[in-house]
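Trainee: model this:
(2 chains)
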2 protein chains.
Amino acid sequence: MKQRVYNFCPGPCTLPLEVLEETQSELVNYKGTGMSLVEHSHRGPEYDEVHNETVSLIRELLEVPEEFSVLLIQGGATMQFAMVAMNVMAQAEKAAYVNSGHWAKLALKDAQVYGSTYVAWDGADDNYSRTPVASEISLQPDTQYLHITTNETIGGIRTFDWPDLGVPLVADMSSDYMSRKIPWDLMDVAYGGAQKNIGPSGVAVVIVRKSLMNVSKRELPSALDYRQYHSSGSRFNTPPVFPIYVAGKVLKWYKERGGVEEFEKVSIVKSGFVYDAIDAGNGFYDCPVTGESRSRMNVVFRLPNEELEAKFLAGAEAEGLVNLKGHRSVGGMRASIYNAMPMEGAEKLASFMDTFRVANS
Amino acid sequence: MKQRVYNFCPGPCTLPLEVLEETQSELVNYKGTGMSLVEHSHRGPEYDEVHNETVSLIRELLEVPEEFSVLLIQGGATMQFAMVAMNVMAQAEKAAYVNSGHWAKLALKDAQVYGSTYVAWDGADDNYSRTPVASEISLQPDTQYLHITTNETIGGIRTFDWPDLGVPLVADMSSDYMSRKIPWDLMDVAYGGAQKNIGPSGVAVVIVRKSLMNVSKRELPSALDYRQYHSSGSRFNTPPVFPIYVAGKVLKWYKERGGVEEFEKVSIVKSGFVYDAIDAGNGFYDCPVTGESRSRMNVVFRLPNEELEAKFLAGAEAEGLVNLKGHRSVGGMRASIYNAMPMEGAEKLASFMDTFRVANS
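Mentor: Numbers count the residues shown, from 1 in each chain, chains lettered A, B, ... in the order given. You can find the predicted model right below:
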């Protein structure tokens, strides 16, 4: 049986080993209740505690102000591409989108079903290799919100300049949630799938300014109406128990280790190891992203040719460094280094990169 | 530590012990891959196998014909209340709903957002204590589909006469999926949340006639469009890995034990124990449901007074028979006896009921 590997998968992705072990120990008989937590009623005291703890840890770790509601909703960020627009976009106004790549484009496409949208900054000209500074973003009058993708998992770029342009932000934070502070005074909505930095797949964390509940005035069915989740504490129907339960354990693990502030520092160090290995290579490794746009969660790079890339992947895997293949749409390598990736994993990858480069230059 | 109990919870609910134990054994290191399945890529070979096996077991166990697509969608049955209407309801036509109780009413309410609906049979006059025979259902011209709830978890009633009225059926089967055959020739859509007879909460199984994909001609965002799930095998975005993984194990457990046909027989026997205990009581136990409407999944009954009900619940719990309290909206008792409830659990409950009655009559 293989020992635990360093898993650089972009999501679903590595989780803290301690969290998995604790989940395993409780799986059949949860806290001596004679059944698994996933067999308990979603309205019973055992799940009550789990659900409320997960929500309050999100609030605490991200310092969410009282004016915002923390909602747990199924369907991932993709469901939010639509729900944000149908709940928040007032029909007389427009929504602006920063087109930073793959995920931004999908968010824009779904929002178009519900109202008037436009691209306020387009990264296509730079092949999505950077995010804009705020002054590059062109807003039109009557814009209700500006949508940004704070980290593009495929392009390996991050928002470094939160746009403070007098229009509230709606942010897809799927792949860098819990890795940095959120400037709530600029925000209307932050949302993201759990399956990177929060827990297993199957739930999205949606943090909405309370005053925006159905500002759109659209008639909405219950499962798509933020008000239903808000008024019921995200339990008007059966929630996805296991993802929320494990998310709670992950968040507790973060809290015990210093919280978001500490993980931000760690993410700079961990991604720094890999960027240093890239930059030390004199062009052997090619990262299309430069400067402050470089993601701390997803480090993308290419090797001189595809043959070497295949050799690199095989060599890395033999060292227990797995899932380094880049997204099929862009090729190359991608090292996803989320909060749960141990420091040693990033160090070992950087060290492997140095050795591989020397051996193959 | 408490030994395993008999859990009569209406959902989330009891799962097969063997399934929980196998899940536990694999949780940290899935099949020797050095990581949990929930850490694997949703596009990798390990999850491929799990996903495809779950879908093909659904198809096999329910004998789903080739003309139907099996979709796995987040959001539970509640999301389907809306999605069915927005995907399937043609805008020029009407949808008929059998109002059999709590869940039927919610399904109808959400469908009303998307088009013209009407109640084709109303159970309110009988206080939702029975389902109709087909001849009682009044359909109007230009009705596109007739929506039924094949089992009302709260009312404890089941559809016994599948309406064959020349209008295709859309059926919410959340609480009796996998407990009986489905007459596919009458069907357009069958859907249901997994958290009763399929697995943990967090996924719905939606079985749609392929010819109906967006027959509504509505413009839909990706997460709400059946075509997206159909064309991608329910993987255009990250699926809820854990619920689908455990569902696959539950379905395999069913298959090994004779499949749906066998579980239908077993459900008649198990629920029969409890109905016999009710009927033998000469009115001590009062079940509002009679005859063929009696659910085989959720047996509801009351005792002579609330004091005795409290005593009953406490006594049952002391015997390891838990979660027998009825839904808050109706009170009384509810024994949910899904496929994973062992025969001995139902026998033990019936025996406890007899003893309790004799001691308290």
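
Trainee: just the CA atoms of the biggest helix by length in chain A, as CSV, please.
Mentor: In chain A, taking DSSP state H as the definition, the longest helix is helix A:259-279. Presented in CSV, the C-alpha positions along helix A:259-279 are these (Å, rounded to 0.1, in the frame of the first residue of the first chain):
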residue,chain,number,x,y,z
GLY,A,259,-6.2,31.1,11.0
VAL,A,260,-6.3,32.9,7.7
GLU,A,261,-3.5,35.4,8.5
GLU,A,262,-1.1,32.5,9.2
PHE,A,263,-2.1,30.5,6.2
GLU,A,264,-1.6,33.6,4.0
LYS,A,265,2.0,33.8,5.2
VAL,A,266,2.5,30.1,4.7
SER,A,267,1.0,30.3,1.2
ILE,A,268,3.6,32.9,0.2
VAL,A,269,6.4,30.7,1.5
LYS,A,270,5.1,27.5,-0.1
SER,A,271,4.3,29.0,-3.5
GLY,A,272,7.6,30.9,-3.2
PHE,A,273,9.6,27.6,-3.1
VAL,A,274,8.1,26.7,-6.5
TYR,A,275,8.3,30.1,-8.1
ASP,A,276,12.0,30.3,-7.0
ALA,A,277,12.6,26.9,-8.6
ILE,A,278,11.0,28.3,-11.8
ASP,A,279,12.9,31.5,-11.7
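
Trainee: partner strands of the helix or strand following it, with direction?
Mentor: Going down the chain from helix A:259-279, the next helix or strand is strand A:298-301, by DSSP states H and E. Strand A:298-301 sits in its sheet next to strand A:333-336 (antiparallel), going by DSSP bridges.

Trainee: host element of A:E307?
Mentor: Using DSSP H and E, A:E307 sits within helix A:306-318.

Trainee: other residues contacting that helix?
Mentor: The contact list for helix A:306-318 (CB atoms under 8 Å, 6 or more residues apart in numbering or on different chains) reads A:R302, A:L303, A:V322, A:L324, A:K325, A:G331, A:G332, A:M333, A:L349, A:F352, A:F356, A:N360. Bear in mind the C-beta positions are built from the backbone N, C-alpha and C, glycine included.

Trainee: same thing but 7 Å
Mentor: Helix A:306-318 has contacts (CB atoms under 7 Å, 6 or more residues apart in numbering or on different chains) with A:L303, A:L324, A:K325, A:G332, A:M333, A:F352, A:F356, A:N360.

Trainee: buried members of those into ChimeraX, please.
Mentor: With 16 or more other CB atoms under 10 Å in any protein chain shown as the burial test, the buried ones among the contacts of helix A:306-318 are selected in ChimeraX as follows:
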select /A:303,324,325,332,333,352,356
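
Trainee: hmm, back to that, tell me the mean pLDDT over the longest helix of chain A?
Mentor: Helix A:259-279 shows an average pLDDT of 98 in the prediction.

Trainee: packing partners for it?
Mentor: Packing contacts for helix A:259-279, counted by 3 or more CB pairs under 7 Å, 6 or more residues apart in numbering or on different chains; DSSP states H and E, involve strand A:298-301, helix A:343-360.

Trainee: just the ones you listed: most buried one?
Mentor: Counting by mean count of other CB atoms under 10 Å in any protein chain shown, strand A:298-301 has the highest mean neighbour count of the helices and strands packed on helix A:259-279, with a mean of 27.

Trainee: could you give me the average pLDDT of that strand?
Mentor: Here the average pLDDT along strand A:298-301 is 98.

Trainee: output it as PDB, nothing but the C-alphas.
Mentor: Extracted in PDB, the C-alpha atoms of strand A:298-301 (Å, rounded to 0.1, in the frame of the first residue of the first chain):
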ATOM      1  CA  ASN A 298      -2.000  27.300  -8.400                       C
ATOM      2  CA  VAL A 299       1.500  27.600  -9.800                       C
ATOM      3  CA  VAL A 300       1.600  26.900 -13.600                       C
ATOM      4  CA  PHE A 301       4.700  26.300 -15.600                       C
END
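
Trainee: other residues contacting it?
Mentor: Applying CB under 7 Å, 6+ apart, the contact partners of strand A:298-301 are A:10, A:153, A:156, A:175, A:271, A:274-275, A:278, A:285-289, A:326, A:332-337.

Trainee: buried subset of those residues?
Mentor: A:10, A:153, A:156, A:175, A:271, A:274-275, A:278, A:285, A:287-289, A:326, A:332-337.

Trainee: need the helices and strands packed on helix A:259-279 in CSV (columns: distance to B:L220).
Mentor: Output for the helices and strands packed on helix A:259-279, formatted as CSV (distance: least, CB to CB, whole Å):
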stretch, distance to B:L220
strand A:298-301, 30
helix A:343-360, 41
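
Trainee: pLDDT below threshold where in chain A?
Mentor: Flagging of chain A using pLDDT under 70 yields the residue ranges A:1.

Trainee: tell me the domain ranges of it?
Mentor: Chain A breaks down into these domains under automatic domain parsing: A:6-13+A:258-360, A:18-256.

Trainee: centre of the chain versus the longest one, how much separation?
Mentor: With CA atoms, centre = their mean, to the nearest Å as the basis, domain A:18-256 stands 9 Å off its chain's centre.

Trainee: ok, the residue lying closest to A:D142 once chain neighbours are set aside to chain B distance?
Mentor: Take A:D142 and drop its neighbours on the chain: the residue closest to it by CB to CB, 6 or more residues apart in numbering or on different chains is A:E93, 5.1 Å away. Separation of A:E93 from chain B (CB to the nearest CB, to the nearest Å) stands at 19 Å.

Trainee: and the gap between A:E93 and A:K217?
Mentor: According to CB to CB, to the nearest Å, A:E93 and A:K217 sit 12 Å apart.

Trainee: more neighbours: which of the two?
Mentor: Neighbours were tallied for A:E93 and for A:K217 using other CB atoms under 10 Å in any protein chain shown; the higher tally belongs to A:E93 (15 against 9).

Trainee: so what's that one up against?
Mentor: Taking CB under 7 Å, 6+ apart as the criterion, A:E93 is in contact with A:D142, A:T143, A:Q144.

Trainee: the first one touches A:A95, doesn't it?
Mentor: When you say that, I think you mean A:D142. No - the pair A:D142 / A:A95 is not scored as a contact, 10.3 Å apart, by CB atoms under 7 Å.

Trainee: which one's more surrounded, those two?
Mentor: For the pair A:D142 and A:A95, the greater number of neighbours falls to A:A95 (26 against 11), based on other CB under 10 Å.

Trainee: which is the next helix or strand following the strand or helix carrying that one?
Mentor: Element membership for A:A95 (DSSP H and E) is strand A:94-99. Moving toward the C-terminus from strand A:94-99, the next helix or strand (DSSP H and E) is helix A:102-111.

Trainee: is any residue of stretch A:13-28 near chain B?
Mentor: Yes - applying CB under 7 Å from any CB of the partner chain, one finds stretch A:13-28 in contact with chain B at A:C13, A:T14, A:L15, A:L20, A:E21, A:T23, A:Q24, A:L27, A:V28.

Trainee: got the contact list for that stretch?
Mentor: A:4, A:7, A:36-37, A:195-196, A:246, A:249-250, A:253, A:336, A:338, A:340-341, B:20-21, B:23-24, B:27-28, B:35-36, B:39.

Trainee: with distance to B:R227 added, can I get the domains of chain A in JSON lines?
Mentor: What follows is the domains of chain A, written out as JSON lines (distance: least, CB to CB, whole Å):
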{"stretch": "domain A:6-13+A:258-360", "distance to B:R227": "21"}
{"stretch": "domain A:18-256", "distance to B:R227": "14"}
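
Trainee: please identify the most buried of those.
Mentor: Of all the domains of chain A, domain A:18-256 carries the top mean neighbour count, a mean of 21, counting by mean count of other CB under 10 Å.

Trainee: where do the strands sit along chain A?
Mentor: Using DSSP state E, the strands of chain A run over residues A:6-7, A:68-73, A:94-99, A:116-122, A:143-149, A:151-152, A:157-158, A:169-172, A:187-193, A:204-209, A:298-301, A:321-322, A:333-336.

Trainee: adding distance to A:Q80, write those strands out as JSON lines.
Mentor: Compiled in JSON lines, these are given as follows (distance: least, CB to CB, whole Å):
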{"stretch": "strand A:6-7", "distance to A:Q80": "26"}
{"stretch": "strand A:68-73", "distance to A:Q80": "7"}
{"stretch": "strand A:94-99", "distance to A:Q80": "13"}
{"stretch": "strand A:116-122", "distance to A:Q80": "15"}
{"stretch": "strand A:143-149", "distance to A:Q80": "10"}
{"stretch": "strand A:151-152", "distance to A:Q80": "15"}
{"stretch": "strand A:157-158", "distance to A:Q80": "19"}
{"stretch": "strand A:169-172", "distance to A:Q80": "7"}
{"stretch": "strand A:187-193", "distance to A:Q80": "4"}
{"stretch": "strand A:204-209", "distance to A:Q80": "6"}
{"stretch": "strand A:298-301", "distance to A:Q80": "20"}
{"stretch": "strand A:321-322", "distance to A:Q80": "30"}
{"stretch": "strand A:333-336", "distance to A:Q80": "21"}
